[in-house]
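Visitor: fold the following.
(2 chains)
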Amino acid sequence: MAAVSKNVRLIVVALVVCLCGTAKAVRYDAHRIISLIPATTEMLFAMGAGERVVAVSSYDHFPPEVERLPRVGALIDPDVERILTLRPDLVIVYGTQQELKAKLERAQIPFYSYTHKGLADVVETMRLLGARVGVEAQANALAARIETELAAVRARVANRPRPKTLLLFGREPGSLRGLDASGGQGFLHDMLEVAGGIDVLADQQRQSVMMSTEMVLARAPDVIVELRYARRDTTETDDIRAWDALPAVPAVRNRRVVVLRGEEFVVPGPRVALATERLARALHPEAFE
Amino acid sequence: MRRRLFATIATFGVVTVFVCLLAPLVGSTSIRLSRVLDRTIPFADNVDAQVFFVARLPRVLAAAIVGSGLALSGVIFQALLRNPLAASDTLGVSAGAALGAILAITFHVDFSFLGISVVPAASFAGSVGAMAIVYVMSMARRRGTSSTVLLLAGIAIAALLAAVGRFVQYFADFTDTARTVQWMMGALDVGSYPPIVAALVLLTIAGAGFATLPRALDLLSMGAESAQARGVDVVRAERIALVSASMSTGAAVSLGGPILFIGIIVPHIVRLLVGADHRLVLPASGLFGAAFLVGCDVVARTIFAPAELPVGIITAILGGPFFLWLLFRRT
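Guide: Residues are numbered from 1 along each chain as shown, chains lettered A, B, ... in the order given. Model (predicted):
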């Protein structure tokens, strides 16, 4: 019996050594990083790897340091030639960029494939990315800080009645056409739950839902939050008067249609905690007095 | 003939009215008509009435106008170009409408006038503008338009306008591109009545133009020269046809986006049902186009309820096989 347990211990030790060995062989630090996704760019800067970023996507605007960096396209138009000439040792690509991945593979440039998912995946990505780049400790600290901040928001609104909320991220200005809403999956949905709201589209197992006015009436949200994040969004705040066409919706009747502006709502990076808190303040203003 | 005309209009009219009356009662939420019409409940508190009057009725009316406008202009373009595949997209009218919408969306021209926002107005202007360019070009060649020149000029202009549209979109913000894509899929959930009234006015003016055309179109479909010999003022007839067809396309597209399939399929279905006489084909297509799109929209908003499909997908999925069935049943 003792011999068996000794053997098992040996195997375990051998396995651990092996794993560490392979992990060391695969994992080497990155010093010339190209990030094609604003969320991962923000993560890299927040975990102290900002000076290793040599180029970003055409949609990156945060932190301000990125404005000086070269732009190499984005999701649908990555500039492969420029990416190659910058001689990166790690390119962070979006999961669906198959063609780019194939080209990078051919050029023997390592890449990290990223996809937007839920709120828990944001901090998970930070940890994995930090480990991959070689700033594990800072990345873990950043992830832990964000988790603490999110927990604080959650606790702050914990015992309050949760309003049924519709979270919109798109609408044709001046009308109720083209309503793009957050569905029951993804970081926006998760942020809404943490911020103390009930997602009226929680049953829709998709990240985004094209909504009709009939659906708004049927779901009867208590609060409608409209996110405005486009750089050139010139829509006036009084544009929310378009909602007056649906007075039976509680959010309209009780004047609880809120417009929140800011890129942090659509970039699931280190600013998710800030975005979640802003959402919580909109849903539960009294909790933050 | 008069009796046949009356019978055709009556049959198609009854079907269309029936579909349009039934459609607002069907949807993802159940409403009670008695509650909809209950005047004792204030409108602001009456969810059923709001579902009926804000969500569904404008939508049914928009579908009827868009379906009718696209079907009518399809008939005209097919007759004028003597080409069974012609529709509003052939002559660049739809491409012009799309370009107008893309420009309005990308450059954030976000104001509205009398309840009509800029995007539909711009797409209407785009469709009429495209038609004007094509028409002037085809007139420049010789006196009167040639259907071949018109067709080729139309295809060239359509390609050019589409390229300009893509060029603008390439530099646009991601969110603007998403809005453009959504617009291109077509959407009938208009939510208010002013755009419907505007489109209806334009469609009525176009309809007055169409009403003068049936005989000329019948003769034109045998060739411009033989029509001329039989006393048709070809230039005038073509001018009326082009202006009114582009107007009805513009009205339809600006209201519901480019739902292109209707313009090709509805005229053919109607011809298979009533024959080639334009006195019958024109009114029947206008009515059937309306009923068809209203029906497709009911399917689009109920099949995956509460989620909705873009109506253009349904028109193609339902219309294609139906058209094939009609085609092979006869031969």
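
Visitor: for stretch A:261-272, the averaged confidence score.
Guide: Stretch A:261-272 shows an average pLDDT of 92 in the prediction.

Visitor: what's near enough to touch A:Glu263?
Guide: By C-beta atoms under 8 Å, 6 or more residues apart in numbering or on different chains, the contact list for A:Glu263 reads A:38, A:61-62, A:229, A:231. Heads up, the C-betas are built off the backbone N, CA and C, glycines and all.

Visitor: restricted to helices, list those.
Guide: Among the contacts of A:Glu263, the members found in helices (DSSP state H) are A:Pro38.

Visitor: A:Leu217 is in contact with B:Val47, correct?
Guide: Yes. Using C-beta atoms under 8 Å, B:Val47 is in contact with A:Leu217, at 5.8 Å.

Visitor: before we move on, the earlier item: ok, and of the contacts of A:Glu263, which contact chain B?
Guide: Filtering these for neighbours of chain B using C-beta under 8 Å from any C-beta of the partner chain leaves A:229, A:231.

Visitor: for the contacts of A:Glu263, which entry has the maximal number of neighbours?
Guide: For the contacts of A:Glu263, the largest number of neighbours (other C-beta atoms under 10 Å in any protein chain shown) sits with A:Pro38, at 22 neighbours.

Visitor: return the per-residue confidence for that residue.
Guide: Looking at A:Pro38, its pLDDT is 93.

Visitor: and for A:Met210?
Guide: 86.

Visitor: isn't it up against B:Glu308?
Guide: Yes. Using C-beta under 8 Å, A:Met210 is in contact with B:Glu308, at 6.3 Å.

Visitor: circling back: which residues are common contacts for B:Val47 and A:Leu217?
Guide: Residues touching both B:Val47 and A:Leu217 (C-beta under 8 Å, 6+ apart) are A:Ala248.

Visitor: could you find the closest non-adjacent residue to residue 57?
Guide: No chain was given, so I picked chain A. Nearest non-adjacent residue to A:Ser57, counting by C-beta to C-beta, 6 or more residues apart in numbering or on different chains: A:Ala74, 4.1 Å away.

Visitor: my bad, chain B
Guide: Setting aside the residues directly before and after it, B:Leu57 is nearest to B:Pro24 in space (C-beta to C-beta, 6+ apart), at 5.1 Å.

Visitor: B:Leu57 and B:Leu21 touch, don't they?
Guide: No. Using C-beta under 8 Å, B:Leu57 makes no contact with B:Leu21, being 10.7 Å away.

Visitor: picking up where we left off before, and which of the contacts of A:Glu263 is nearest chain B?
Guide: Using C-beta to the nearest C-beta, A:Arg231 comes nearest to chain B of those, at 6.6 Å.

Visitor: right, and that closest one touches B:Ala172 too?
Guide: No. Using C-beta under 8 Å, A:Arg231 is not in contact with B:Ala172, being 11.3 Å away.

Visitor: now do the contacts for B:Leu150.
Guide: So B:Leu150 contacts B:80-81, B:91, B:134-135, B:138 (C-beta under 8 Å, 6+ apart).

Visitor: gap between the strand or helix carrying A:Leu260 and the chain center?
Guide: Using DSSP states H and E, A:Leu260 maps to strand A:257-261. Distance of strand A:257-261 from the chain centroid (C-alpha atoms, centre = their mean, to the nearest Å) equals 19 Å.

Visitor: likewise for stretch A:34-50?
Guide: 12 Å.

Visitor: need the CA coordinates for it. PDB is fine.
Guide: Provided in PDB are the C-alpha atoms of stretch A:34-50 (Å, rounded to 0.1, in the frame of the first residue of the first chain):
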ATOM      1  CA  ILE A  34       0.200  44.400 -31.800                       C
ATOM      2  CA  SER A  35      -3.300  44.500 -30.400                       C
ATOM      3  CA  LEU A  36      -6.100  44.500 -32.900                       C
ATOM      4  CA  ILE A  37      -8.900  44.800 -30.300                       C
ATOM      5  CA  PRO A  38      -9.400  47.900 -28.100                       C
ATOM      6  CA  ALA A  39     -10.300  45.700 -25.100                       C
ATOM      7  CA  THR A  40      -7.000  43.900 -25.100                       C
ATOM      8  CA  THR A  41      -5.100  47.100 -25.800                       C
ATOM      9  CA  GLU A  42      -6.600  48.600 -22.700                       C
ATOM     10  CA  MET A  43      -5.800  45.500 -20.700                       C
ATOM     11  CA  LEU A  44      -2.100  45.600 -21.800                       C
ATOM     12  CA  PHE A  45      -1.700  49.200 -20.800                       C
ATOM     13  CA  ALA A  46      -3.500  48.700 -17.500                       C
ATOM     14  CA  MET A  47      -1.300  45.700 -16.600                       C
ATOM     15  CA  GLY A  48       1.900  47.700 -17.200                       C
ATOM     16  CA  ALA A  49       2.800  46.200 -20.600                       C
ATOM     17  CA  GLY A  50       1.900  49.400 -22.500                       C
END
